[in-house]
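A.B. asks: After the sequence you'll find the predicted model.
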Amino acid sequence: MSDQLKLSYDSVSGYTKKSGANLRAQIAKEWFEKLDDEMKADWADLAKEEHDEAMAQFKHATTSPPSTEPADRQK
């Protein structure tokens, strides 16, 4: 964990493991907002590529017929 991230956690009073996901999301948002426009665009492109790939895998898994291979049936 970076020193800057530790400082962010330490600055929050009442931090618990349960509230950790919320805090991590808030810190990530703040760090993302500090990036320049080119870097933000790069991250947006990467997120779109990953989303498109995940959607293609989902579509294939939900529309293709079930496998008849014995090994696949044991999963």
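C.D. replies: Arrived safely, thanks for sending.
A.B. asks: and the gap between the most centrally placed residue in the chain and Glu53?
C.D. replies: In the chain, the centroid-proximal residue (CA atoms, centre = their mean) is Ala47; its distance is 8.8 Å. Distance, Ala47 to Glu53, using CB to CB, to the nearest Å: 11 Å. (C-beta placed from N, C-alpha, C; glycine too.)
A.B. asks: Next one, pLDDT for the residue nearest to the centre of the chain please.
C.D. replies: At Ala47, the predicted lDDT confidence score is 97.
A.B. asks: Kindly report the same for Ser8.
C.D. replies: What the model reports as pLDDT for Ser8 is 62.
A.B. asks: ok so, going back, state the helix or strand in which the residue nearest to the centre of the chain lies.
C.D. replies: Under the assignment given by DSSP states H and E, the secondary-structure element containing Ala47 is helix 37-63.
A.B. asks: which other residues reach whichever helix or strand comes after that helix?
C.D. replies: Reading on from helix 37-63 to the C-terminus, the next helix or strand found by DSSP H and E is helix 70-73. The list of residues contacting helix 70-73 from outside it, by CB atoms under 8 Å, 6 or more residues apart in numbering, reads Ser67.
A.B. asks: how deep is Gly54 tucked in, by neighbour count?
C.D. replies: In this structure residue 54 is Ala, not Gly. 10 (other CB atoms under 10 Å).
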